[in-house]
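Asks: Any chance you could fold what I've pasted below:
(2 chains)
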Protein chains: 2
Amino acid sequence: MNAEIICVGTELLLGNIVNTNAAFISERLSAIGIDCYRQCVVGDNMKRLTEQLAESSSRCDIIILSGGLGPTEDDMTKEGVAEFCKLPLVEDKASRKAIEEYFEKKGKKPTENNWKQAMIPKGARAVENPNGTAPGIIVETKSCKYILLPGPPGELEPMFENSIIPYLKGLCDRILFSRTVKIVGIGESSVETQIKDMIDAQTNPTIATYAKTGEVHIRVTASASDEKEAKKLVKPVVKELKERFANNIYTTEEEVTLERSVIDLLLSNKMTISTVESCTGGLLSGRIVGESGASDVFKCGLTTYSNKSKRKLVGVKKGTLDKYGAVSRQVAAEMVKGGASLTKSDVCVSVTGIAGPTGGTEDKPVGLVYIGCNVKGKVTVKEFHFSGNRNKIRSLSVTNALILARECILEYISKVNFG
Amino acid sequence: MNAEIICVGTELLLGNIVNTNAAFISERLSAIGIDCYRQCVVGDNMKRLTEQLAESSSRCDIIILSGGLGPTEDDMTKEGVAEFCKLPLVEDKASRKAIEEYFEKKGKKPTENNWKQAMIPKGARAVENPNGTAPGIIVETKSCKYILLPGPPGELEPMFENSIIPYLKGLCDRILFSRTVKIVGIGESSVETQIKDMIDAQTNPTIATYAKTGEVHIRVTASASDEKEAKKLVKPVVKELKERFANNIYTTEEEVTLERSVIDLLLSNKMTISTVESCTGGLLSGRIVGESGASDVFKCGLTTYSNKSKRKLVGVKKGTLDKYGAVSRQVAAEMVKGGASLTKSDVCVSVTGIAGPTGGTEDKPVGLVYIGCNVKGKVTVKEFHFSGNRNKIRSLSVTNALILARECILEYISKVNFG
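Replies: As a prediction, the model looks like this:
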């Protein structure tokens, strides 16, 4: 079974927005074992859309289209597919009703062109869109299936998860089941070396590694006639990986992020956390607070960007700043000592570094970052040398701060339990 | 002149990375007046790459390819283009030397397969890559020009700006010159209504509007035989827009961001800023600190996520929290009062809101956000109702906090100067 993705929208061709839909759909297709050999983007243009449909439908089983389902004249994805499949557009009663209810809930009145959104190609099925007015549409022809999705990610993503994935799974005679083993603290090439024997021997399940910022993910995917059998195939491989990577694994669940795993670790040990940031400027606390429910563990975050605020807020000593500079092991340590004492949190994490592009010297080049962690008084500081632009260095700093926090918390817990 | 973009990489088809290169290239092409009618993505697969080259070259003048120029066997973009154009690969001496020097600078030795990167199709020209080992390549045939770029954005983007844009400009007999008028505080449809007469009358320069998160950008683009003439055409239109939108315009420079404009405003008035954040969790301070040189104006940022930290750090009163709740006009006001007094900064901005998905009630639904701003003691609080998921609400909150800060600072300055 193979698919192509066609994203429709002039705003993509003008570079006004980044195509996150293509990445999202591709990632989900890959997770259920549907190959995707091509993504393409065309503008709101009937000729080029139907040309692309002709090309794509000649070589694949499923075409997933996103965008162009809105109420305006520009929106023509549905019309293009209907024309290409030679199907008239007819009103779908359920969609009309859903649009009525959607506007009623918002206390607004639909305009005349909103009813256009209730029209679907004859014989097609409408897919409910609880987050907007454009229903999704599935058109099945002999040679190809067309799945039309609304463009806004806030509508497309839940619709894909809740309605399209079950539909696609129903098309496959075998099912796929995956587990993602997420690893920190080891580089991708080293991970690959450590599992080379497993990769060489793989058939079913398959084993694939992916490098993310500061992380390596191993996805183990089995194909079987039912979920129970697939899970049985995946289980011993995940077990083997757990033995090889032990505490470097922070989760085996696809949807658990690194920050979520740190929050869960804190929750289950009834601990709290705070942050003291310099070059990351609040992105570390922003990432923790990005998880719903972070309020149970996150006490507060301080962005002490200036030397004065480092001194005043978290009591970094003037002598330390003068002697070692703001980007130093010593200042990272004083930041977490002061932060923990100010916020009375069990864990405090600090970041101080040179994100560039200016500010680097021979001794302290751009990319030098110190990350500190204080767990109930025990302070650890690590030195990092990152490369990349300002954003990349800041993003690597945030990830590594979470990794260090996790390591230090685990160490503390194991001492308390066995020490 | 029209172009197509082909991005090569299996990691794009697996959804492991988001295709920011396509957006970047499209945006830059549009800025110099080259139409881009299609973007597509193929994997590291010779057959599908050459098929795509055949399709694309039959309908456009320029094909821009990114990715697949690395040293491994998987990388085959260059080989694909050479095969399609029936050109042998030959070693480019300057590229070999650049690779040698690149490794020397890093204190590393190139491996045998790195020399593969110095091979280019016969008659092609290599484009210098100061940020990596893969040179860019320009292949010119009678019918089409092929521009091959390395995949990592940190290499592709500077190469495109510094070498490819000048090359492409040289191909066009006319030049394009643009100014971007960036507007805040007015919605897109209202902006469009206010300039409908200008849009209807446009010929040269053209006028196009783009909605960004919380902002509207109007791009004015003139085509002329030289830059001087193009600038002369753009000038009166920008002047007219300045008259219509006055203080709602924060810049007319493409590269100036909203946070940059706030920093510049603070710098030129010798003022400092601090932040007190709840639901945005540090993203506001993170965005300010994201600008190089923010240290001259940014004093410190506080993420007071818990009620306790709101009380303890910035002195929000228990009574206020009990009576009005953490998400309230009153708490937003006390956050900026306490923040300014703690940090001794001239400007303090606060954000408190319900980003969801949980935590909303009938009275205080998800999306309700209060943003406060204190400029030298004068406190303003605005209430917002945002829609979207947690990330979208947080991102809209950050943008609107910057907008409010800008408004309040401008108001203060005008009072001091004229008041």
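
Asks: can you count the residues close to A:Ile371?
Replies: Counted with other C-beta atoms under 10 Å in any protein chain shown, the neighbours of A:Ile371 add up to 26. All C-beta spots, glycine's among them, are computed from the backbone N, C-alpha and C.

Asks: Give the closest residue to A:Ala31 in space, chain neighbours not counted.
Replies: A:Ser178 (5.7 Å; C-beta to C-beta, 6 or more residues apart in numbering or on different chains).

Asks: can I assume the one you found sits in a helix?
Replies: No. Under DSSP: H, G, I helix; E, B strand; the rest coil, A:Ser178 sits outside any helix and is assigned strand.

Asks: Would you confirm that it contacts A:Val234?
Replies: Yes. Contact criterion C-beta atoms under 8 Å: A:Ser178 and A:Val234 qualify, at 7.4 Å.

Asks: which residues are common contacts for these two?
Replies: Jointly contacting A:Ser178 and A:Val234 under the rule C-beta atoms under 8 Å, 6 or more residues apart in numbering or on different chains are A:Val220, A:Thr221, A:Ala222.

Asks: Any chance of a markdown table for those, columns distance to chain B?
Replies: Converted to a markdown table, the shared contacts of A:Ser178 and A:Val234 look like this (distance: C-beta to the nearest C-beta, whole Å):
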| residue | distance to chain B |
| --- | --- |
| A:Val220 | 15 |
| A:Thr221 | 12 |
| A:Ala222 | 18 |
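
Asks: Let me know the closest of those residues to A:Thr361.
Replies: Using C-beta to C-beta, A:Val220 comes nearest to A:Thr361 of these, at 45.8 Å.

Asks: Filter the shared contacts of A:Ser178 and A:Val234 down to just the ones in strands.
Replies: Using DSSP state E, the subset of these located in strands is A:Val220, A:Thr221, A:Ala222.

Asks: The second one: neighbouring residues, count only.
Replies: Number of residues near A:Thr221 (other C-beta under 10 Å) recorded here: 23.

Asks: Grab the nearest non-local neighbour of it.
Replies: For A:Thr221, ignoring the flanking residues on the chain, the nearest one in space by C-beta to C-beta, 6+ apart is A:Ser178 at 4.3 Å.

Asks: ok, now which ones touch the one you found?
Replies: So A:Ser178 contacts A:Ala31, A:Arg219, A:Val220, A:Thr221, A:Ala222, A:Val234, A:Glu254 (C-beta under 8 Å, 6+ apart).

Asks: And it, how far from A:His217?
Replies: In this view, A:Ser178 and A:His217 are 11 Å apart by C-beta to C-beta, to the nearest Å.

Asks: Doesn't A:Tyr167 belong to a helix?
Replies: Yes. The assignment for A:Tyr167 is a helix, going by three-state DSSP.

Asks: Excluding chain neighbours, give the residue nearest to it in space.
Replies: Spatially, and ignoring its direct neighbours in sequence, A:Tyr167 is nearest to A:Ile138 (6.7 Å; C-beta to C-beta, 6+ apart).

Asks: So which residues on the stretch 151-300 of chain A come close to chain B?
Replies: When proximity is defined as C-beta under 8 Å from any C-beta of the partner chain, the stretch 151-300 of chain A approaches chain B at A:154, A:210, A:275, A:277, A:279-290, A:292-295, A:298-300.

Asks: What segments of the stretch 251-400 of chain A are helices?
Replies: A:258-268, A:283-289, A:307-314, A:318-324, A:329-343, A:390-418 (DSSP state H, counting those that start in this stretch).

Asks: Can I get stretch A:338-349 in CSV, CA atoms only?
Replies: The C-alpha trace of stretch A:338-349 is given here as CSV (Å, rounded to 0.1, in the frame of the first residue of the first chain):
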residue,chain,number,x,y,z
GLY,A,338,20.6,30.4,44.8
GLY,A,339,17.7,29.3,42.7
ALA,A,340,16.9,26.3,45.0
SER,A,341,17.1,28.4,48.1
LEU,A,342,14.9,31.2,46.7
THR,A,343,12.2,28.9,45.3
LYS,A,344,12.5,26.1,47.9
SER,A,345,12.3,23.5,45.2
ASP,A,346,13.9,20.1,45.4
VAL,A,347,15.5,20.4,42.0
CYS,A,348,16.9,23.5,40.3
VAL,A,349,18.4,23.6,36.8
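
Asks: Would you mark the buried spots in it?
Replies: The neighbour-count check on stretch A:338-349 (16 or more other C-beta atoms under 10 Å in any protein chain shown) flags A:Gly338, A:Gly339, A:Ala340, A:Leu342, A:Thr343, A:Ser345, A:Asp346, A:Val347, A:Cys348, A:Val349 as buried.
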